[in-house]
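>>> Please work out how this folds:
(one chain, ligands or ions: 1)
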Amino acid sequence: VIVVLIVIGAVVLGLTLKSGFESTFLSRCEKFSQYDCKELWDLFQQAYVNKDPCNVPVEAYNPLIAAAPFKPQCNKMMFWSKTKDVVHGFTAKRKDCFVTLEDTLLGSVLDDLTWCGKEGSKDTFTTGCPGWSECENNPVRSFWICASAAFADVACGDVTAMLSGSINTPFNPESIFASVEVPRFKSPRIKKLDVVMVIQKNAISNCNHSSLKNLMQALDKGITYSCKDVSKSRIQECGAKPEIACGACW
Ligand code: N1C
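Here you go, the predicted structure:
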């Protein structure tokens, strides 16, 4: 009898205990009211669970994104490449100025997480998952491509992008910004792209960098381009001083 009870107990526990990953997903999700987080968790899992972790296509996340669509926020949408910490340090304090993908439900729920499934298992794993460029169709990369495409699809008005002056190729064709987001910027929905080049002490490039010519050429005709070199300290100052108007930050 005791053995049977232990077995039943273990099975019940196994069915009800949430993994750390699921708890993180749900607790981050519940900060946004008006969504059914359990439903979103189920849709999320369906994208990669019980699949080869190198064979999760971008489209696998379409049902998830359809259930928590991005809202257009004209003139406030912020994109970035290789400047995540500066951007989020700023937007965390100045939600009045800009929104990034990480300020939306799906972006904030999955930010900084790693996950994958395995063939023959209904579990979510957080270790032993393929790295970002180990195989193309990995669950994490496919999610960010799908979400970034949907986020760029609703961008409108004047959009801003923070690029890094501390790397060799600020506009890198391999990046999600260049390969997924910029190609979806369409005139007349988008009027202007304001590039902010984040300049630190170790800067090796700025608005004059040749890769930015490729960015200009990639832009849909009708979208105006601008670029400004802005020091990291100025961006941080603007984050720290809410009295500075968004339009006067740089
Ligand atoms: O490849 P990137 O930059 O150009 O991608 C950034 C670009 C942003 O404009 C975002 O809208 O694409 C979107 N995006 C995210 O919001 C995001 N959050 C977290 C893309 N990737 C995102 N991540 C993780 O950052 C992702 O897991 C991958 O590892 C990096 C890509 O960032 P990058 O190379 O600096």
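>>> Now do the helices in the chain.
Here the chain has its helices, by DSSP state H, at 2-16, 20-29, 37-48, 62-67, 84-93, 105-110, 139-153, 176, 211-218, 232-240.
>>> Any chance you could give me the last one in CSV, C-alpha atoms only?
Which is helix 232-240. This file holds the C-alpha atoms of helix 232-240, laid out as CSV (Å, rounded to 0.1, in the frame of the first residue of the first chain):
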residue,chain,number,x,y,z
LYS,A,232,26.6,56.8,-24.0
SER,A,233,26.8,59.3,-21.1
ARG,A,234,24.3,61.6,-22.8
ILE,A,235,21.9,58.7,-23.3
GLN,A,236,22.3,57.8,-19.6
GLU,A,237,21.7,61.4,-18.6
CYS,A,238,18.5,61.5,-20.5
GLY,A,239,17.4,58.3,-18.8
ALA,A,240,18.1,59.8,-15.4
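>>> what angle separates it from helix 84-93?
Our comparison of helix 232-240 with helix 84-93, counting by axes from the mean of the first three to the mean of the last three Cα atoms, to 10 degrees, yields an angle of 20 degrees.
>>> which of the helices of the chain has the lowest average pLDDT?
If you rank these by mean pLDDT, helix 2-16 sits at the bottom with a mean of 69.
>>> Around the ligand, which positions in this structure sit nearby?
The chain has residues 79-82, 84, 101-102, 107, 111, 132, 140, 144, 148, 151, 175-177, 181 near the ligand, with proximity defined as Cβ under 6 Å from any ligand atom. Quick note: C-beta positions are derived from backbone N, CA and C, even for glycine.
>>> Just send the helices of the chain back as JSON lines, with distance to Leu163 and mean neighbour count too.
Output for the helices of the chain, formatted as JSON lines (distance: least, Cβ to Cβ, whole Å; neighbours: other Cβ atoms under 10 Å):
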{"stretch": "helix 2-16", "distance to Leu163": "47", "mean neighbour count": "9"}
{"stretch": "helix 20-29", "distance to Leu163": "28", "mean neighbour count": "15"}
{"stretch": "helix 37-48", "distance to Leu163": "30", "mean neighbour count": "18"}
{"stretch": "helix 62-67", "distance to Leu163": "25", "mean neighbour count": "16"}
{"stretch": "helix 84-93", "distance to Leu163": "10", "mean neighbour count": "18"}
{"stretch": "helix 105-110", "distance to Leu163": "19", "mean neighbour count": "21"}
{"stretch": "helix 139-153", "distance to Leu163": "15", "mean neighbour count": "21"}
{"stretch": "helix 176", "distance to Leu163": "13", "mean neighbour count": "20"}
{"stretch": "helix 211-218", "distance to Leu163": "8", "mean neighbour count": "15"}
{"stretch": "helix 232-240", "distance to Leu163": "12", "mean neighbour count": "16"}
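>>> can I get the ones you listed in TSV with distance to Ile190?
As requested, the helices of the chain are exported to TSV (distance: least, Cβ to Cβ, whole Å):
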stretch	distance to Ile190
helix 2-16	47
helix 20-29	29
helix 37-48	28
helix 62-67	20
helix 84-93	19
helix 105-110	20
helix 139-153	9
helix 176	17
helix 211-218	13
helix 232-240	23
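>>> Perfect, that will be all.
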